[in-house]
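A.B. asks: here's a sequence, model it:
(2 chains)
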Amino acid sequence: MKRQVYLDYSATTPVKDEVLEKMIPYFTQSFGNPSSLYTIGQNSKQAIEEAREQLAALIGADPKEIFFTSSGTEADNWAVIEAAESRKGKGSHIITSKIEHHALLHSAEYLEKRGFDVTYLDVDSQGFVDPAALEAAITERTTLISIMFANNEIGTIEPIAELAAIAKKHNVVFHTDAVQALGNVPIDAHALGIDLMSVSAHKIYGPKGVGALYIRKGLPLPSHMHGGGQESKKRSGTENLPGIVGFGKAAELAREGLAEHIEQVTALRNYFINRVRAEIPDIHVNGDIERRLPGNANITFEFIEGEALLLLMDLDGICISTGSACSSASLTPSHVLTALGMPAEIIHGSIRFTIGDFTTKDDLDYTIERLIHNVEKLRGISSVSKEKGWQIYGAV
Amino acid sequence: MALYNETVISHFTNPHNVGELLEPDGEGTYGSPVCGDMMKISIKVENDVIVDAKFKTFGCGSAIASSSVATDMIIGKTIEEALNVTNKDVLDELGGLPAIKVHCSVLADHAIRSAIYDYAQKHGKHYAGLDGFDPHADADDHNHGCDMENH
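C.D. replies: Predicted coordinates:
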């Protein structure tokens, strides 16, 4: 069988065995509707409450502040749209950044169509939002600030405590999309002063189709799903029982193993980056190297296009992703790398490698061996090179 | 692999005619690295027949596969026959590309025309198949953005 190396943990993660084992009975045996009053229904309710406690413990929250959703995207939509809409009496201005996930950016664009003004903050060349720029953007009409905890493409970790403090000082609600940060960075929602936070199970070795929104106790946020009154009447819809149970278990494992996970994955990531730097010429590591998610290595290979490299690596059984326009449905280069000020031709050659709990040093050695071979091969085919330059304006 | 068919993968992983001719009779370039793909092609012509063609392409898998197939298709053809090769022919030869990648076959088609245009200019030739073709037509666009649909 062809060797497979999975290096796309930021896209999704495999479900851990312990998580799956805990989930299975809730499909077939303990399948009762948590709203039902008989025993198996109440058992289901209890399982959900246990998961709520497990997730709360991972993010420094009270279980009553956790509301399960279908995804991180749903949590982002709910938080941003309802927080903004319900505060229209105060104003209709919100602030976010240019490097947010599309779940956030497209929610903000939706609000713009509904008459809101949105400020999209720039980031510096390393991917950081400037707290001073955030403070300067706040007006009397500002009701919501949403800045991601850690970026999905370049892995940079934003100064959340500082940004949340600025929001609090100006009496503005602060939301963060922590989908990538969860299980990779210690998170204490209370200590950080976060009002709203989106998370997802499938990035932390839990199942797909389940996320959650943290809503700080006392913060008013209207429902966006109306129905049977589940999740303390905040988010109706029969609960994804096995999914929530799996999310809880994954959160428990993430909390217990957090220090070890960070140490192990960071060491592997640094080993990978150092070898690529030493062994492949004309590469750049994109985004700050220190304040960065443990497993993220976003690297540009100059003079080749990322989708071509992705395909050759896939033929070698290696799963990676690219910010190149050629791989996106819209044929536009990554908005995140564009926001760093990188030229388009450099963005086209960017590859994201994300390392996780099941990655081994041997996987990385194999990946580097194939990278050296495939980058050299594509550079041999390419019409641009270090010697000839990019010839950007010579082309017709 | 689901994204591309076996023909495309074969031409992408083992492309034919990669390189640059030392003393080409005509050269053409199309696309821009800014837009994610740029093909350079050089041709050797004897008695109005393209006897050799080489390409270099910065671009995605389908751009490289299109370049390989397109150069294969014009070698041995007269200039007029080569000018009749359309991006549709390149697509057919590849067994099709995903809709979003069709512009890559247009890239090859344009690069070939540009090389023949260069040959015609240098050798004082006129070909009916080049009427109305302007290799510089899209040059200004490169400062403004990448109109992938019109490549």
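
A.B. asks: chain B contacts on chain A?
C.D. replies: Residues of chain A lying close to chain B (Cβ under 8 Å from any Cβ of the partner chain) are A:303-305, A:307-308, A:311-312, A:314-315, A:324-327, A:329, A:331, A:333, A:343-345, A:348, A:380-384, A:390-396. Where you see a C-beta, it was placed from the backbone N, CA and C, and this is true even at glycine.

A.B. asks: can I have the buried ones of these as a ChimeraX selection?
C.D. replies: Those of the residues of chain A next to chain B that count as buried under 16 or more other Cβ atoms under 10 Å in any protein chain shown are selected in ChimeraX with:
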select /A:303,304,305,307,308,311,312,315,324,325,326,327,331,333,344,345,348,381,382,383,384,390,391,392,395,396
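
A.B. asks: in helices, which of the residues of chain A next to chain B fall?
C.D. replies: A:307-308, A:311-312, A:314-315, A:344-345, A:380-381 (DSSP state H).

A.B. asks: number of residues surrounding B:H126?
C.D. replies: 7 (other Cβ atoms under 10 Å in any protein chain shown).

A.B. asks: that one looks like it's in a helix, true?
C.D. replies: No: with DSSP: H, G, I helix; E, B strand; the rest coil as the criterion, B:H126 is assigned coil and is not in a helix.

A.B. asks: from the chain's centre, how far out does the host helix or strand of B:A111 sit?
C.D. replies: Element membership for B:A111, per DSSP states H and E: helix B:102-123. Averaging C-alpha positions (Cα atoms, centre = their mean, to the nearest Å) puts helix B:102-123 6 Å from its chain's average.

A.B. asks: can you spell out which helices and strands pack onto it?
C.D. replies: strand B:26-32, strand B:37-46, strand B:49-58, helix B:61-74, helix B:79-83, helix B:87-94 (3 or more Cβ pairs under 8 Å, 6 or more residues apart in numbering or on different chains; DSSP states H and E).

A.B. asks: mind listing what's buried along that helix?
C.D. replies: For helix B:102-123, a neighbour-count test (16+ other Cβ under 10 Å) marks B:102-120 as buried.

A.B. asks: now do it and strand B:26-32, the angle between them.
C.D. replies: If you take axes from the mean of the first three to the mean of the last three Cα atoms, to 10 degrees, helix B:102-123 sits at 150 degrees to strand B:26-32.

A.B. asks: model confidence over helix B:102-123, on average?
C.D. replies: For helix B:102-123, mean pLDDT rounds to 92.

A.B. asks: got it, and stretch A:363-376?
C.D. replies: 98.

A.B. asks: how far is it from where the chain is centred?
C.D. replies: Relative to its chain's centre, stretch A:363-376 lies at 26 Å (Cα atoms, centre = their mean).

A.B. asks: now swap in stretch A:385-394 and tell me
C.D. replies: 35 Å.

A.B. asks: apart from its chain neighbours, what residue comes closest to the residue nearest the centre of chain A?
C.D. replies: Closest residue to the average C-alpha location of chain A: A:Q180 at 3.1 Å, with Cα atoms, centre = their mean. Among residues not flanking A:Q180 along the chain, A:A150 sits closest, at 4.5 Å (Cβ to Cβ, 6 or more residues apart in numbering or on different chains).

A.B. asks: look at that neighbour and say how many residues are nearby.
C.D. replies: 25.

A.B. asks: ok, now A:G246?
C.D. replies: Going by other Cβ under 10 Å, the residues that sit close to A:G246 add up to 30.

A.B. asks: on that earlier part again, and the ones in helices among the residues of chain A next to chain B, which is closest to A:G91?
C.D. replies: A:A344 (36.3 Å; Cβ to Cβ).

A.B. asks: grab the nearest non-local neighbour of that closest one.
C.D. replies: B:V34 (4.6 Å).

A.B. asks: how close does that neighbour sit to A:E82?
C.D. replies: Here B:V34 is placed at a distance of 40 Å from A:E82 (Cβ to Cβ, to the nearest Å).

A.B. asks: what's the answer for A:E263, then?
C.D. replies: For A:E263 relative to A:E82 (Cβ to Cβ), the value is 39 Å.

A.B. asks: just A:I147 next, same as before
C.D. replies: 18 Å.

A.B. asks: out of those two, which sits in the busier spot?
C.D. replies: Counted by other Cβ under 10 Å, A:I147 and A:E82 do not tie: A:I147 has more neighbours, with 25 against 18.

A.B. asks: ok, now which ones touch the more buried one?
C.D. replies: A:I147 is in contact with A:96-97, A:100, A:121, A:129, A:134, A:158, A:160, A:163, A:174, A:176, counting by Cβ atoms under 8 Å, 6 or more residues apart in numbering or on different chains.

A.B. asks: return the subset of these lying in helices.
C.D. replies: Going by DSSP H, the helices hold A:134, A:160, A:163 from the contacts of A:I147.

A.B. asks: looking at those residues, which is nearest A:A259?
C.D. replies: Of these, the one sitting nearest to A:A259 (Cβ to Cβ) turns out to be A:I160, at 19.6 Å.

A.B. asks: what does chain B put close to chain A?
C.D. replies: Going by Cβ under 8 Å from any Cβ, the residues of chain B near chain A are B:1, B:3-4, B:9, B:12-13, B:15, B:18, B:29-40, B:55-61, B:63-64, B:100, B:114, B:135-136, B:138-139, B:142-143, B:146, B:148.
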